[in-house]
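>>> predicted model, plus sequence, below.
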Amino acid sequence: MRWVLSTLVVLLLCNGTTSCVNASTNVSAISAVRCVDRCAPDTSNSYEVFVPERMKPDQKFPLLVIIDPHGSGKTALEKFRPAADRFPAVLVASNLIKNNFAGYENALHVLIEDVRAKYPVGEVTFLSGFSGGARMAIGYAMNHPVNGLILSGALAGPEELRKVGCPVFSISGTDDFNFMETAQYLFQETAIPANLKIELIESSHSWPDSLILADAFGLIRLSCPEAEALSASKISLKEFDRLQLKKMVMLKSQNEWIKALLVARNLSTTAPFNKEKAFSANYETLKVSPEYAAQLNRLTECLRLESQVRQPYMDAFHTKSLEWWKNELASVQNQIQTAPDPFTRDTYRRIKGFWGIVCYSLCQQAVQEHNTQSLNQIVSIYRILEPENPDMMHFTSLLTAQ
């Protein structure tokens, strides 16, 4: 029945008469659509859809495909709704594709072709993903035409990013355990791939805030002439420039010199934003500022510490007692709470997050090897470190079922 209703919605959309959750009050406009659909060639490949209001039946939009690592299309799509309000685009988020999904490239291709057959989209396609979703977005873009990527919670090496061949906007949490994947690009400007833009935030390992995602989408959409030709943004280039300059001023006032420099670099190296000379002026000034140099040096020290402790912690999962882990957890939590500066605090948050991802990986390995003893040992540590983690609960249930 759900499939039948979804199909009816699509047919009504094509005729321009559908009513929906966000119906327009303008009788001459074609109402926005929010629904769940399924790919015709494979009905297990379901996806969430949002189509903005249209002023005429033949109006088309850019397409933004979103990949959540847990296959939560609804969560992922809602994260980008403010972006679509400011920069109109058809949003599609997969309910099928998730971490460790075999054949994700083909499933994404089928989804995109299905959307093009049913909804008012042109040839412009953007991809976004968080964590494992980001890695899948990169993998797909290396082998298929894509106009831009928005990645968070994971990044790739310079050679992979150059092979992508489209703008890549990376949003990285400074307290995310994957932050080192981004940090490699902060110290040698000449080593940064020309298509890579970076924004630093504090988000641990989770989807960024919707307004941050909207800014990122604004940058890749406004810098794509084909996208603007399909459907003009509701925010002008001039207004977007003004808001980004305001962001830089705010970051500097908050003593966030590295973050402010990255905003300036992103825009001063990207057309058409580079026409605004204030971005390049800020970038050149920030590069030589003592405040920026001091923060970069402090970040270097913290990353060195983190690198030094990772292997000993890896070994500790097999050699240390549960009591040792309880004491170590208490020590790291104390370091987070009493950290003398944000760089130290974020370092210990990343270390704590690193423990969690190691637990997950070791549990996965134990399950694949049918090693109940190892699984029991790691789950016991996992329960101490992250007692509310759903993955830990899943592995615990596997033990209980044996």
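Right, received. Where do you want to start?
>>> and the residue nearest the centre of the chain, how far from Asn178?
Centrality entry for the chain: nearest residue to the mean C-alpha point is Ser152, 2.7 Å, by C-alpha atoms, centre = their mean. Ser152 is 10 Å from Asn178, where distance means C-beta to C-beta, to the nearest Å. In short, each C-beta sits where N, CA and C put it, glycine included.
>>> what's the overlap in contacts for these two?
Counting by C-beta atoms under 8 Å, 6 or more residues apart in numbering, the shared contacts of Ser152 and Asn178 are 131, 172.
>>> would you map the strands across the stretch 1-150 of the chain?
For the stretch 1-150 of the chain, the strands defined by DSSP state E, counting those that start in this stretch cover 33-38, 46-51, 61-67, 90-94, 121-130, 148-152.
>>> surely Val309 is in contact with Lys352?
No. With contacts counted by C-beta atoms under 8 Å, Val309 stays clear of Lys352, the gap being 11.5 Å.
>>> between the two, tell me which one has more neighbours.
Lys352 (20 against 13; other C-beta atoms under 10 Å).
>>> quick one: secondary structure of that one?
helix (DSSP: H, G, I helix; E, B strand; the rest coil).
>>> my read: it touches Val332, true?
Yes. Counting by C-beta under 8 Å, Lys352 does reach Val332; the two are 5.5 Å apart.
>>> the spatially closest residue to Ser307 that is not a sequence neighbour in helix, strand or coil?
Of all residues not flanking Ser307 in the chain, Met180 sits nearest, at 7.7 Å (C-beta to C-beta, 6 or more residues apart in numbering). The three-state label given to Met180 by three-state DSSP is helix.
>>> contact partners for Met180?
Contacts of Met180 (C-beta under 8 Å, 6+ apart): 303, 306-307.
>>> what's the helix or strand for Glu291?
For Glu291, the host element (DSSP states H and E) is helix 290-319.
>>> quick check: mean pLDDT of that helix?
Helix 290-319 shows a mean pLDDT of 97.
>>> now the contacts of Met180 as JSON lines including distance to His70?
JSON lines is the format used below for the contacts of Met180 (distance: C-beta to C-beta, whole Å):
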{"residue": "Leu303", "distance to His70": "29"}
{"residue": "Glu306", "distance to His70": "26"}
{"residue": "Ser307", "distance to His70": "29"}
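>>> between those residues, which is nearest Thr43?
Glu306 (45.6 Å; C-beta to C-beta).
>>> who's in contact with the closest one?
Neighbouring residues of Glu306 by C-beta under 8 Å, 6+ apart: 180, 347, 350-351, 354.
>>> make it 6 Å
When contacts are counted by C-beta atoms under 6 Å, 6 or more residues apart in numbering, Glu306 touches Thr347.
>>> in stretch 358-374, which residues are buried?
358-360, 362-363, 366-367, 374 (16 or more other C-beta atoms under 10 Å).
>>> so which strand or helix has Ala366?
Here Ala366 is assigned to helix 342-368, by DSSP H and E.
>>> what's the angle from that helix to helix 290-319?
30 degrees (axes from the mean of the first three to the mean of the last three C-alpha atoms, to 10 degrees).
>>> so how far is helix 342-368 off the chain centroid?
Centroid displacement of helix 342-368 relative to its chain, using C-alpha atoms, centre = their mean, to the nearest Å, is 19 Å.
>>> show me what it packs onto, helices and strands only.
helix 290-319, helix 322-338, helix 372-385 (3 or more C-beta pairs under 6 Å, 6 or more residues apart in numbering; DSSP states H and E).
>>> tilt between that helix and helix 322-338?
Using the same axes, to 10 degrees, helix 342-368 lies at 150 degrees relative to helix 322-338.
>>> what about stretch 149-162, how long is it end to end?
End-to-end span of stretch 149-162 (C-alpha to C-alpha, to the nearest Å): 12 Å.
>>> list the buried residues of it.
Using 16+ other C-beta under 10 Å as the test for burial, stretch 149-162 gives 149-156, 160-161.
>>> dump those to JSON lines, plus pLDDT.
Converted to JSON lines, these look like this (pLDDT from 0 to 100):
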{"residue": "Leu149", "pLDDT": "98"}
{"residue": "Ile150", "pLDDT": "98"}
{"residue": "Leu151", "pLDDT": "98"}
{"residue": "Ser152", "pLDDT": "97"}
{"residue": "Gly153", "pLDDT": "96"}
{"residue": "Ala154", "pLDDT": "97"}
{"residue": "Leu155", "pLDDT": "97"}
{"residue": "Ala156", "pLDDT": "96"}
{"residue": "Glu160", "pLDDT": "95"}
{"residue": "Leu161", "pLDDT": "95"}
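>>> and which of the residues you listed is nearest Cys35?
Lowest distance from Cys35 to those (C-beta to C-beta) belongs to Ile150, with 23.1 Å.
>>> which residue packs closest to the residue nearest to the centre of the chain, ignoring adjacent ones?
Nearest to Ser152 is Ile171, by C-beta to C-beta, 6+ apart, at 4.2 Å.
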